[in-house]
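Student: Requesting a structural model of the entry that follows:
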Amino acid sequence: MGDEVPLAGLVSLLFVLLLLSAFFSGSETALMSLNRYQLRHKAREGHRGARLAERLLKRPDRVIGLILLGNNLANFSTASLVAVIAFKIGGQPAVALGTLLLTIVVLVFSEAAPKTLAALHPERLAFPAAMIYYPLLKITYPIVWLTNACANGFLYLFGVRTSHTELQALTREELRTVVHEAGSRISSRYRTMLLSILDLEKVTVDDVMVPHNEIVGIDLDDDDDEIERIISNSQHSLLPVFIDNIDNIVGLLHLRTLANLAKTDLNKSTLQSLLTEPYFVPEGTPLSKQLVQFQRRRERIALVVDEYGDIQGIVTLEDILEEIVGEFTTDPADEVDDVVVEGADSFLVDATANIRELNRSQDWDLPTEGPKTLNGLIIELLETIPEPGTSLSVNGYPIEIVEADDNRVRTVRVGPRDVQPVVPS
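Tutor: Now for the predicted structure:
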């Protein structure tokens, strides 16, 4: 061969073989580095290269067998050709030097460089390569099938089973990571909403409900003027109706049913005839489940009860939606803020405030596992009702008790977060 083919032709052939080796090496890395979810998305959009790549990756053993067949054929042919060229140029001593140079060239230009490029930009190489591999696999299928049969048989001895690879479902935490990594592709507002949806399973109705002592409703023991005042000042379309206290609830009043009533017709007897049956849910129900239940039952409000049937609070559809999209209504009843800014790094906080709402409005990181209010958290940590002037640190936030009485903490002062969070034992 060395005598029949000129040296320039041998060198040209060597260059082509090195390019083929680089192509096989790079395309293998590119195909295996593809994001399977992006690949499926592009395939569904009709991208031809993505569709072919997705088909190939359903049986990765076959495409790997094809790539290894082509890569090894190119590399072995290159080694033989280098030996011929080296012998033709310098005789036997040049063969050893040619082998060393070939190793360096293959390592750098046919392995490291194309694999690195493919890892950085997998789609740029994988999609064109898939258009080549798909018909090539059909042509070489008998050889590839025989190779895979031997390889899979060997793996079978070690308990490894090869089959069609399906796209594995992402866990909730993996989805959170995907949303976080989306960066500028998703606006911060939508990213926050998506993360909130993923967290609905962790949040329960206890976290968002209006607590028992803050429920506003109609007490049938009140006089007609008081009932009329409550209805006129209500900022809600639904009001619980009870006798003496909320635990003796008799129904829910939809205020829109009063629209056609004359003022003179508004009395307790008329109200009771307009009531609908209350809907009860157990405490601890995840928001994701409660949202589905609201949709199925076509309800907008539910009374949260404990294991003894005592009412703990009220949760509404709006409360759940606000967990996803944030506050979207303004309630004059909430005009008194729970947080008053004293200075650049100091806040006076109503200790009855909900911890989750404080974290959301102030961008704090107080613990939400356990008590729902700041008062409950402080009492749980100190295991007593502290005196005014008592100080502690919760998750690195210095907290000073400003006002307290015999049964609860009323007001606290919260300072800037420390670098090292300290929680009293």
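
Student: which residues of the stretch 151-300 of the chain score low on pLDDT?
Tutor: 160-170, 183-184, 259-266 (pLDDT under 70).

Student: Do a quick rundown of the helices in it.
Tutor: Taking DSSP state H, counting those that start in this stretch as the criterion, the stretch 151-300 of the chain carries its helices at 172-181, 188-198, 205-208, 224-233, 268-273, 287-297.

Student: most neighbours per residue, which of the ones you listed?
Tutor: helix 205-208 (a mean of 20; mean count of other CB atoms under 10 Å). No exception for glycine: its C-beta is placed from N, CA and C like everyone else's.

Student: got the contact list for that helix?
Tutor: With contact meaning CB atoms under 8 Å, 6 or more residues apart in numbering, helix 205-208 is reached by 281, 283-285, 287, 290, 302, 304, 312-313, 315, 319-320, 322-323, 354, 356, 368, 372.

Student: And what about the closest residue in space to Ala129 that isn't next to it in sequence, helix, strand or coil?
Tutor: Among residues not flanking Ala129 along the chain, Ser27 sits closest, at 3.7 Å (CB to CB, 6 or more residues apart in numbering). Following DSSP: H, G, I helix; E, B strand; the rest coil, we place Ser27 in the helix state.

Student: Would you mind measuring from Ser27 to Tyr279?
Tutor: According to CB to CB, to the nearest Å, Ser27 and Tyr279 sit 60 Å apart.

Student: between these two, which one's more packed in?
Tutor: Ser27 (25 against 14; other CB atoms under 10 Å).

Student: and Pro211, what does it touch?
Tutor: Gln312, Gly313, Lys372.

Student: Averaged pLDDT, stretch 366-384. What do you get?
Tutor: Over the span of stretch 366-384, the pLDDT mean works out to 86.

Student: what does stretch 23-32 give?
Tutor: Here the average pLDDT along stretch 23-32 is 90.

Student: And Pro286, how far from Val315?
Tutor: 12 Å.

Student: Could you pull out the strands in the chain for me?
Tutor: 210-211, 218-219, 238-243, 245-254, 280-282, 301-305, 311-316, 339-343, 346-350, 391-394, 397-404, 409-414 (DSSP state E).

Student: Mind giving me the packing neighbours of the second one?
Tutor: Looking back up the chat, that one is strand 218-219. helix 224-233, strand 238-243 (3 or more CB pairs under 8 Å, 6 or more residues apart in numbering; DSSP states H and E).

Student: Compare the ones you listed and give me the one nearest Val106.
Tutor: Of all the helices and strands packed on strand 218-219, strand 238-243 sits nearest to Val106, with 75.4 Å by CB to CB.

Student: between the closest one and strand 311-316, how many degrees?
Tutor: Interaxial angle of strand 238-243 relative to strand 311-316 (axes from the mean of the first three to the mean of the last three CA atoms, to 10 degrees): 160 degrees.

Student: Using CSV, write down the CA coordinates of strand 238-243.
Tutor: Extracted in CSV, the C-alpha atoms of strand 238-243 (Å, rounded to 0.1, in the frame of the first residue of the first chain):
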residue,chain,number,x,y,z
LEU,A,238,-69.8,34.9,53.1
LEU,A,239,-70.4,35.2,56.9
PRO,A,240,-70.7,32.5,59.4
VAL,A,241,-73.8,32.6,61.5
PHE,A,242,-73.8,31.2,65.1
ILE,A,243,-75.4,31.4,68.4
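
Student: And for it, what's in contact with it?
Tutor: Outside of strand 238-243, the residues within contact range by CB under 8 Å, 6+ apart are 215-221, 230-231, 246, 248-255, 271-272, 275, 278, 300-301, 303, 314, 316.

Student: So which bits of that strand are buried?
Tutor: Using 16 or more other CB atoms under 10 Å as the test for burial, strand 238-243 gives Leu238, Leu239, Pro240, Val241, Phe242.

Student: got the angle for that strand vs strand 245-254?
Tutor: 140 degrees.

Student: and strand 238-243, which strands flank it?
Tutor: strand 218-219 (parallel), strand 245-254 (antiparallel) (DSSP bridges).

Student: Identify each buried residue in the longest helix seen in the chain, please.
Tutor: With secondary structure taken from DSSP state H, the chain has its longest helix at helix 60-90. In terms of neighbour count (16+ other CB under 10 Å), helix 60-90 has its buried residues at 61-67, 69-71, 74-75, 77-78, 81-86, 88.

Student: Which elements pack onto that helix?
Tutor: Judged by 3+ CB pairs under 8 Å, 6+ apart, helix 60-90 is in contact with helix 7-33, helix 48-57, helix 92-105, helix 122-139, helix 141-156.

Student: Ok, which of those helices comes nearest Glu173?
Tutor: That would be helix 7-33 among those, by CB to CB, at 22.5 Å.

Student: hmm, back to that, so for the longest helix of the chain, what's the average pLDDT?
Tutor: 85.

Student: Hey, what's the angle from it to helix 48-57? Just curious.
Tutor: 100 degrees.

Student: and helix 60-90 with helix 7-33, angle?
Tutor: Going by the same axes, to 10 degrees, helix 60-90 makes 160 degrees with helix 7-33.

Student: starting at the chain centroid, how far to helix 60-90?
Tutor: Relative to its chain's centre, helix 60-90 lies at 46 Å (CA atoms, centre = their mean, to the nearest Å).

Student: okay, the angle between it and helix 92-105?
Tutor: Using the same axes, to 10 degrees, the direction of helix 60-90 lies 140 degrees away from that of helix 92-105.

Student: Name the residue closest to the centre of the protein, please.
Tutor: For the chain, the residue nearest the mean C-alpha position is Arg176 (2.0 Å; CA atoms, centre = their mean).

Student: Distance check, Asn267 against Val241.
Tutor: 13 Å.

Student: what touches both of the two?
Tutor: Contacts common to Asn267 and Val241, judged by CB under 8 Å, 6+ apart, are absent.

Student: circling back: name all residues that make contact with the residue nearest to Ala129.
Tutor: So Ser27 contacts Ile67, Ala118, Leu125, Ala126, Ala129, Tyr133 (CB under 8 Å, 6+ apart).

Student: ok, Leu97 to Leu81 distance?
Tutor: 15 Å.

Student: for stretch 10-17, what is the average pLDDT?
Tutor: Rounded mean pLDDT across stretch 10-17 is 87.

Student: go on, stretch 414-425?
Tutor: Mean predicted confidence for stretch 414-425 is 61.
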